[in-house]
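> mind looking at a prediction? Sequence and model below.
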Protein chains: 2
Amino acid sequence: MNTSSFLNATEGKRVDEIPVWFMRQAGRSLPGYRALREKYDVLTLTQTPELAAQVSLEPIERLSVDAAILFADIMLLPIALGVDVHIVDNVGPVIDKPLTSHGDIEKLRPFQTDAVAYLQKTIQILRNELKVPLIGFSGAPFTLASYLIEGKPSRSWTVTKRCMYGNPPIWNALMMKLSEAVISYLKMQIAAGVQTVQIFDSWVGCLSPADYRTYVLPHMKSIFSALSENGVPRIHFGTNTAGFLSDFSSIDCEVIGVDWRISLKDAKHVVGTKSLQGNLDPAVLLADWNDIKERADLLLSEIDPHQGYIFNLGHGILPETNDTIVRKLVEYVHSK
Amino acid sequence: MNTSSFLNATEGKRVDEIPVWFMRQAGRSLPGYRALREKYDVLTLTQTPELAAQVSLEPIERLSVDAAILFADIMLLPIALGVDVHIVDNVGPVIDKPLTSHGDIEKLRPFQTDAVAYLQKTIQILRNELKVPLIGFSGAPFTLASYLIEGKPSRSWTVTKRCMYGNPPIWNALMMKLSEAVISYLKMQIAAGVQTVQIFDSWVGCLSPADYRTYVLPHMKSIFSALSENGVPRIHFGTNTAGFLSDFSSIDCEVIGVDWRISLKDAKHVVGTKSLQGNLDPAVLLADWNDIKERADLLLSEIDPHQGYIFNLGHGILPETNDTIVRKLVEYVHSK
């Protein structure tokens, strides 16, 4: 049996200690990261192996979590495909020339490992340093496409949906190109040493169940299927997926990540024998300890947390989160 | 039997023609409204009976819908309670001094009909003019509280949740004060002549099911219970409610409104004998007619649309929507 509670949980095995990690644990809220951000922008940090490794390692020591996640940004993949992306403070990824035509999609370069050679180095440094498993990740095609088409973060994703409804050939060409890129990108990460992969479809919950099935699900199936031969656990994460969780979890993978908008009990009922990851509301970490503890207890009471379960938030940790209380929560979950 | 297909549908009766209306049909996208907005700001329009009535009437003639909704803004109620609200273009409601203390809540004036005398006049004008039922509405306490506490529209509602978790006495005092105000506000609208009321809990879907039950549900129950004696159909609408729809629809009311993130079939399974309203993605109206038709067909195939069902969007109509295609959709749904 593997000695990592995290990896055992991904395989549905019983664990003595409930594994814990947090989305966005690397970057965002920790003091070491914030000090680095005074000197460097986000893209520089992600593209400089020694610094990216330092950011990935910080939560392991400071929070005592059971897995590390590669410090990267989902936009590194579009950048590797030749898209000109800026990460704007308090806004997010901005693309000056959003994709609008077949020509724009054809101009996307095929994914080449060389374009993210820095990530290979970061992964190698991390594997040498880490005693816990390293998680690699990618944005899912829908979420990436929504940035490429909208040109900036959106609340209604109408430009994306207009393209999806109005121009299925362009939509499918883009989704297929991004799917191929996601597969190669994650295979590169696995070859370099990551021991688990998570695919973030953070914005796919803006779709109806029927549109999810038509425009997204086939592409996700092909990605997860292509990754099955690599033998590392695959985590499929989305937010706002309560209404189509049965479709979302029909894809071949080991772990389903859900947000707090569905109870773990209901989610477990749908995902069946797959493992579950989540789903504390990140805003709870801004509350007092007793409130945090009470909500963690509730969450853990909804399922058998010692089998096929990974404690996490329902989305990324908020920048204003205090790390002392997060560490206390990790220790508390470990004590259960 | 009532001659209004809309009212009959709210009562769960069989109808020959499926009733249709659209959230935000009054204001936002129609040419008459947009011309008025060149001259007046939103609050002036809502507070001037003749103009507000004109905006409410426009979709009846232009779109041929089966119900009118009072042209108003959910912030009219906080304004009536003494809150200084600005509606900022492309942003939404902004409050310079968000509520932070018991003192701030105590300063909220009790609701008085006089403070919204203009609405009574608008309703009277509309009832004289209209041949279809008139819907009155209010924001729900959670959604109103989130604006009052955040001071502006939010994506994560962290300030609201911090208050909710960290200061239950303040939270409950505010929710109770708003609940009382919502009750009085809707009773005033009913007394003035609205024939249905809808309560918009547009942002409540940012909560976990457990938090919804703890912090919101009891207040919603008391509101709907207080309105039961008035004998008008009550519609309870929210977005992102798929994960707690059973709680959301446990409240005594006639109609549940859902967004597109859940299939009508799944929603109907949960709401049981209550009527259902929704749930086309507003972004679909930006597509070509064949795509709109296909999605309307799919939606109508998921339930028996001639009993206990009102065709609507899953949230407000988008400003860029073309009214010609919307009218075509109304005629199409009527032909089914």
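Cool, got the structure.

> which residues does stretch A:75-84 contact?
Contact with stretch A:75-84 is made by A:43, A:46-47, A:85, A:87, A:93, A:95-97, A:107-112, A:115-116, A:119, A:138-139, A:144, A:147-148, A:177, A:181-182, A:185, as judged by CB atoms under 8 Å, 6 or more residues apart in numbering or on different chains. Any C-beta I mention is one placed from the backbone N, CA and C, and that applies to glycine too.

> of the residues you listed, select the buried ones using a ChimeraX command.
The buried subset of the contacts of stretch A:75-84, as determined by 16 or more other CB atoms under 10 Å in any protein chain shown, is captured in ChimeraX by this line:
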select /A:46,47,85,93,95,108,111,115,116,119,138,139,144,147,148,177,181,182,185
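
> inside strands: which ones of the contacts of stretch A:75-84?
Helix and strand membership here follows DSSP state E; of those, those in strands are A:85, A:87, A:93, A:95, A:138-139.

> farthest pair within those residues?
The most widely separated members of the ones in strands among the contacts of stretch A:75-84, counting by CB to CB, are A:Ile95 and A:Ser138 (17.6 Å).

> need the residues that contact stretch A:274-281.
For stretch A:274-281, the surrounding residues in contact (CB under 8 Å, 6+ apart) are A:9-12, A:235, A:237, A:249, A:253-260, A:262, A:264, A:267-268, A:295-296, A:299, A:303, A:308-314, B:161, B:207-208, B:211.

> ok, the residue minimising distance to the centre of chain A to chain B distance?
The centroid of chain A falls nearest to A:Phe200 when counting by CA atoms, centre = their mean (3.8 Å). Noted for A:Phe200: a distance of 17 Å to chain B, by CB to the nearest CB, to the nearest Å.

> is that residue in a helix, a strand, or coil?
Going by DSSP: H, G, I helix; E, B strand; the rest coil, the secondary structure assigned to A:Phe200 is strand.

> any of the contacts of stretch A:274-281 buried? List them.
Neighbour counting over the contacts of stretch A:274-281 (16+ other CB under 10 Å) leaves A:9-10, A:235, A:237, A:249, A:253-260, A:262, A:264, A:267-268, A:295-296, A:299, A:303, A:308-314, B:161, B:207-208, B:211 as the buried ones.

> give me the outermost residue of chain A relative to its centroid.
Of all residues in chain A, A:Gly103 has its C-alpha farthest from the mean position, at 29.6 Å, by CA atoms, centre = their mean.

> which residue comes closest to A:Leu217 once chain neighbours are left out?
Nearest-residue entry for A:Leu217: A:Asp247, 5.8 Å, with adjacent residues in sequence omitted and distances by CB to CB, 6 or more residues apart in numbering or on different chains.

> which strand or helix spans A:Ala9?
With elements delineated by DSSP states H and E, A:Ala9 resides in helix A:5-10, which encompasses its position.

> do A:Gly103 as well
Take DSSP H and E as the rule and A:Gly103 turns out to sit in helix A:102-107.

> for that helix, packing partners?
On a contact count with 3 or more CB pairs under 8 Å, 6 or more residues apart in numbering or on different chains; DSSP states H and E, helix A:102-107 meets helix A:168-192.

> identify the residues contacting the residue farthest from the centre of chain A.
Taking CB under 8 Å, 6+ apart, we find A:Gly103 in contact with no residue.

> quick check: residues of the stretch 51-200 of chain A near chain B?
Listed as neighbours of chain B in the stretch 51-200 of chain A under the rule CB under 8 Å from any CB of the partner chain: A:155-158, A:161-162, A:165-166.

> and those, which of them are buried?
Buried residues within those, counting neighbours by 16+ other CB under 10 Å: A:157-158, A:161-162, A:165.

> do I have it right that A:Arg162 meets B:Leu285?
No: the pair A:Arg162 / B:Leu285 is not scored as a contact, 10.4 Å apart, by CB atoms under 8 Å.

> now do the helix holding A:Gly103: distance to the chain's middle.
Counting by CA atoms, centre = their mean, to the nearest Å, helix A:102-107 is centred 27 Å from the centre of its parent chain.

> what would the residues of the stretch 51-200 of chain A next to chain B look like in a markdown table with secondary structure?
Rendered in a markdown table, the data for these read as follows (three-state DSSP):
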| residue | secondary structure |
| --- | --- |
| A:Arg155 | coil |
| A:Ser156 | coil |
| A:Trp157 | coil |
| A:Thr158 | helix |
| A:Lys161 | helix |
| A:Arg162 | helix |
| A:Tyr165 | helix |
| A:Gly166 | helix |
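
> what is the burial count for A:Asn322?
For A:Asn322, the number of neighbouring residues by other CB atoms under 10 Å in any protein chain shown comes to 11.

> err, A:Asp281, not the other one
Counted with other CB under 10 Å, the burial measure for A:Asp281 works out to 28 neighbours.

> can you tell me the closest non-neighbouring residue to it?
With sequence-adjacent residues excluded and distances taken as CB to CB, 6+ apart, A:Asp281 is closest to A:Trp260, at 4.0 Å.

> contact partners for that neighbour?
In this structure, A:Trp260 makes contact with A:278-281, A:313-314, B:207-208, judged by CB under 8 Å, 6+ apart.

> out of those, which is nearest to A:Gly27?
Closest to A:Gly27 out of the contacts of A:Trp260 is A:Leu313 (14.2 Å), distances taken as CB to CB.

> quickly list what the closest one is bridged to.
With DSSP bridges as the criterion, the beta-bridge partners of A:Leu313 are A:Leu280.

> I'd say it and A:Phe22 touch.
Yes: the pair A:Leu313 and A:Phe22 qualifies as a contact (CB under 8 Å) at a distance of 5.5 Å.

> shouldn't A:Ile310 be within a strand?
Yes: applying three-state DSSP, one finds A:Ile310 inside a strand.

> which residues does it contact?
For A:Ile310, the contact set (CB under 8 Å, 6+ apart) comprises A:6, A:9-10, A:18-21, A:255, A:275-277.

> most surrounded residue in these?
A:Ala9 (31 neighbours).
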